[in-house]
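>>> quick one, fold the following:
(3 chains)
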Amino acid sequence: MKHFISPKDVISIQELLKEGLAQKANPLKDRLLGKDKTLVLLFFNSSLRTRLSTQKAGINLGMNVIVMNVGSDSWQLEFGDGVKMNGDKAEHIKEAAAVIGQYADIIGVRAFAGLTDREEDYKELVLESFRSLAGVPIVNLESATRHPCQSLADLMTIEELKTKPKPKVVLTWAPHIKALPQAVGNSFAEWLNLLDYDFVITNPVGYDLSKEYTGNAKVTHNQKEAFEGADFIYAKNWSSFSDYGKVIPGNEDWIVSEEKMALTNNAKFMHCLPVRRGLIVEDAVIDSSNSVVVQQAGNRVWSVQAALKKVLEGV
Amino acid sequence: MKHFISPKDVISIQELLKEGLAQKANPLKDRLLGKDKTLVLLFFNSSLRTRLSTQKAGINLGMNVIVMNVGSDSWQLEFGDGVKMNGDKAEHIKEAAAVIGQYADIIGVRAFAGLTDREEDYKELVLESFRSLAGVPIVNLESATRHPCQSLADLMTIEELKTKPKPKVVLTWAPHIKALPQAVGNSFAEWLNLLDYDFVITNPVGYDLSKEYTGNAKVTHNQKEAFEGADFIYAKNWSSFSDYGKVIPGNEDWIVSEEKMALTNNAKFMHCLPVRRGLIVEDAVIDSSNSVVVQQAGNRVWSVQAALKKVLEGV
Amino acid sequence: MKHFISPKDVISIQELLKEGLAQKANPLKDRLLGKDKTLVLLFFNSSLRTRLSTQKAGINLGMNVIVMNVGSDSWQLEFGDGVKMNGDKAEHIKEAAAVIGQYADIIGVRAFAGLTDREEDYKELVLESFRSLAGVPIVNLESATRHPCQSLADLMTIEELKTKPKPKVVLTWAPHIKALPQAVGNSFAEWLNLLDYDFVITNPVGYDLSKEYTGNAKVTHNQKEAFEGADFIYAKNWSSFSDYGKVIPGNEDWIVSEEKMALTNNAKFMHCLPVRRGLIVEDAVIDSSNSVVVQQAGNRVWSVQAALKKVLEGV
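Numbering: from 1, shown residues only, chains lettered A, B, ... in the order given. The predicted structure follows:
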């Protein structure tokens, strides 16, 4: 695998999933694979799970891991072409990416959507700049439109917990006070579509995700109908794709409640975290034994470890 | 040892002290003990000595050490029960602690007192949340009310330097411009009480520490009387416990001066650092050959290394 | 080598240059030299290349590397003698340097010029404080007046690329919107003077660097004349030394342009980065095949690795 930016980089999702579970069963089995290789992790945005799990995965593979918060540890980066750099951005991505590529064998990049310019966000300017300029493999630690390390961990969790060959998996929008990117929702849909699940997306009117990511998945604006008979409820907020980056007033009643969970087939509750209790989900749901959010987060080590392994084998 | 949060977690203070001195004599003697174990250090507050010494101790024990500044690297955490999270805190401690516990074999936590609500601070909400929720051992890197790694290093320093079986050790309040927590004072008192010293605490009226920590130690509001014949002067500022978190005007004359040091038995000068010169202590005192503040800080490696060793043996 | 603060610390520049190229040819040849040694890197200012390359170099030498952002990770430091510390600075360099020296075998320090008080900056208060107080070797990661790791990498790059024994090397001032330190310019001049190049410095009137650093180098205020026949153009902005720290209005036409590069002997374009495109240099120049800025940045690993090796051999 040359990069791990989107599922398009993955030769076999099944094989990658299997590798994730193998890493979990034996975390140090490839400890020599990354020996004397350097993994540089660049954070343009805050991170807890990704920051810690990716460091741990790199260490498990024997790599040297260096972490940098772009903008505070180093400089603000300019991405525009032909710009006269007389503002607050001290360095251009053209130099930064090429230089970091001199120090790293693999670069992990987290860079959220700006949520002001849809076209720019969906061009994935930051990740694609690193891909084209750094000269080394890039791992997506959540970009403007995708979060593949999360989605792979989510799939691992579903595979571990499913009790039937083709479970009903529901991705439900849930309320939040801030405008959030569509990355997790997009990515979950994109990856789910690659496996044979009964996959349903439910969100309020105005919150439909891009067709490019949801593909042929069933989309309904009726949350209760979607929950009926579900085996997995995956909650996530995102801002509007059509009215880009906007929060549409109302919809607070889309919270994942005990009452709605009662409609499901004793479904597991999933969320990528961090989660706002009392907005996204009721305490009673996330505190119940059906909540698997910590298992999901734990699987973040093994999903990125599997991806890094595949990339290292190609280095 | 299951955790290292307070002296109550320690089976034998004498044995732990001995281990600290043994680590100092042979820093790499347990370099295999922590192999392939991950130490995650979480800083809710600034840190120099604790940050560096704990990383070094973890490395000396063969551990992989990952450092995270909570709030800037990751998310602001909510600690309230049943809160509707519609403010600036993006993640609840219930998820954060459990998730970090998935990645760490031991978690070190620094979280200072807020100094606005005494009851809340003295409940040790942050540390106790990690203890109950993380599922792995917790090491206290200074909490709202205690700083055991510091106190153990202080005891090591006294043991190294004492010239009589039962030295007179004086903890003296000293002036500062900001309201500081009581943690170092509390903790020093709590640990000193466990050994057979002639231990005296002196502070202005209104600055008595909690009886829960000072126990049967002698407390006097007469600083000069306290200094007479002392073998060790340990200076530290703290804000009021009774008028919680307040700085009581006046008391600038409580600075540790050459004149006062002349009353002692050629006492060693101690402070946990950072120290405000000209407020807490005169330059002439801290620059004198009787000042042992650097030796104290150096011992921070060995105190936390001893504590980590004991915890690792229990993992 | 006891420290690596200025070229005066270096016994033989030729030998150090040779070592840098040897490290580049075989990055892990001294991987046992730094085993169980701790390199603490202190950043008072932002850094990308220095931060990453020095961590990598330390790791290549087998060292344990610990990074700290002074002021945000830890405390603001006071450097004044005899100051009553009642401001926002919580710790004095006297304690901080000595304490960090307890934890480190080598300390790397980045501390830019303040640009308000020339005498203070040129006394190199921060670096010299660490040198005199820490008790361990200090490596200069860019100080108020020098950037030796950069200059050594620059020399390596010139040595790799020169096509004649004595190339013409031109250091040219170039425009910027902010007041920048003179460190890179000073240091480049200081190091270049140690080798047998045809070395010319060109800058606008009012921007002459200190004679202490430029020595006998030819200085001209005629940029075009300087460019004629040059083999290497090294661009860098700095604020005024004579009108200390000031930006003199005008001089935007000092940008390194294609037109000016046409005057040279097909010169390589060099810059230490980060670089402001459209101010310092035209896109067409830095994007041309004659631009060697990435190679320069790559050499930062080997220059500091050579310096660390020499220091380690003296530890």
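>>> near chain B, which residues of chain A?
Neighbours of chain B within chain A, by Cβ under 8 Å from any Cβ of the partner chain: A:28, A:43, A:46-49, A:51-53, A:55-56, A:59, A:69, A:72, A:177, A:273-279, A:283, A:286-287, A:293-294, A:297-298, A:301. C-beta coordinates here come from the backbone N, C-alpha and C atoms, glycine included.
>>> now a PyMOL select for only the buried ones of these.
Only the buried entries of the residues of chain A next to chain B go into this PyMOL selection, using 16 or more other Cβ atoms under 10 Å in any protein chain shown:
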select buried, chain A and resi 43+46+47+48+49+51+52+53+55+56+59+69+273+274+275+276+277+278+279+283+286+293+294+297+298+301
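>>> show me which of the residues of chain A next to chain B neighbour chain C.
Within the residues of chain A next to chain B, those near chain C by Cβ under 8 Å from any Cβ are A:Ser72.
>>> need the residues of chain A near chain C, please.
A:36, A:38, A:40, A:64, A:66, A:68, A:72-75, A:78, A:82-86, A:90-92, A:94-96, A:98-100, A:102-104.
>>> sitting in helices, which of the residues you listed do you find?
Among these, the members found in helices (DSSP state H) are A:94-96, A:98-100, A:102-103.
>>> returning to that earlier point: list buried residues within the residues of chain A next to chain C.
A:38, A:40, A:64, A:66, A:68, A:73-75, A:78, A:85, A:90-92, A:94-96, A:98-100, A:102-104.
>>> returning to that earlier point: now the ones in helices among the residues of chain A next to chain C as a markdown table including distance to A:Cys149 and pLDDT?
Output for those, formatted as a markdown table (distance: Cβ to Cβ, whole Å; pLDDT from 0 to 100):
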| residue | distance to A:Cys149 | pLDDT |
| --- | --- | --- |
| A:Lys94 | 26 | 98 |
| A:Glu95 | 27 | 98 |
| A:Ala96 | 22 | 98 |
| A:Ala98 | 25 | 98 |
| A:Val99 | 25 | 98 |
| A:Ile100 | 19 | 98 |
| A:Gln102 | 25 | 98 |
| A:Tyr103 | 22 | 98 |
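>>> most widely separated two among the residues you listed?
A:Lys94 and A:Tyr103 (16.2 Å; Cβ to Cβ).
>>> what residue in the stretch 1-150 of chain A comes nearest to chain B?
The stretch 1-150 of chain A approaches chain B most closely through A:Leu48 (3.7 Å), counting by Cβ to the nearest Cβ.
>>> who's in contact with that residue?
A:273-274, B:68, B:73-75, B:91, B:96, B:99-100 (Cβ atoms under 8 Å, 6 or more residues apart in numbering or on different chains).
>>> how close does A:Phe43 get to B:Asn69?
12 Å (Cβ to Cβ, to the nearest Å).
>>> give me the residues contacting stretch A:113-121.
With Cβ under 8 Å, 6+ apart as the test, stretch A:113-121 has contacts from A:144-145, A:179, A:181-183, A:239, A:241, A:244-245.
>>> try 6 Å
Identification of contacts with stretch A:113-121 by Cβ atoms under 6 Å, 6 or more residues apart in numbering or on different chains yields A:144, A:179, A:181, A:244-245.
>>> what of stretch A:255-271?
A:161, A:174, A:227-235, A:281-282, A:284-285, A:290-293, A:296.
>>> quick one on the thing from earlier: can you flag which of the residues of chain A next to chain B belong to strands?
Mapping those onto strands (DSSP state E) picks out A:43, A:69.
>>> return the subset of the residues of chain A next to chain B lying in helices.
A:49, A:51-53, A:55-56, A:59, A:283, A:286, A:293-294, A:297-298, A:301.
>>> for these, which one is nearest chain C?
For those, the nearest to chain C is A:Ile59 (12.6 Å; Cβ to the nearest Cβ).
>>> so what's the closest residue to that closest one other than its chain neighbours bridging to?
Leaving aside its sequence neighbours, A:Ile59 sits nearest to B:Asn64 (Cβ to Cβ, 6 or more residues apart in numbering or on different chains; 4.9 Å). Residues in a beta bridge with B:Asn64, per DSSP bridges, are B:Thr38.
>>> burial count for A:Leu161?
Per other Cβ atoms under 10 Å in any protein chain shown, the neighbour tally for A:Leu161 reads 16.
>>> quick check: closest non-adjacent residue to it.
Excluding the flanking residues, the one nearest A:Leu161 by Cβ to Cβ, 6+ apart is A:Lys268, at 5.6 Å.
>>> check A:Thr202 too.
A:Ala226 (3.6 Å).
>>> measure the one you found to chain C for me?
45 Å (Cβ to the nearest Cβ, to the nearest Å).
>>> can you tell me the element that residue falls in?
Using DSSP states H and E, A:Ala226 maps to helix A:223-227.
>>> residues making contact with that helix?
A:170, A:200, A:202, A:220, A:260, A:263-264.
>>> contact partners for the residue nearest to the spatial centre of chain A?
For chain A, the residue nearest the mean C-alpha position is A:His147 (2.1 Å; Cα atoms, centre = their mean). Listed by Cβ under 6 Å, 6+ apart, the contact partners of A:His147 are A:183-184, A:187.
>>> what is the nearest of those to chain C?
Out of these, the member with the shortest distance to chain C (by Cβ to the nearest Cβ) is A:Ala183, at 25.4 Å.
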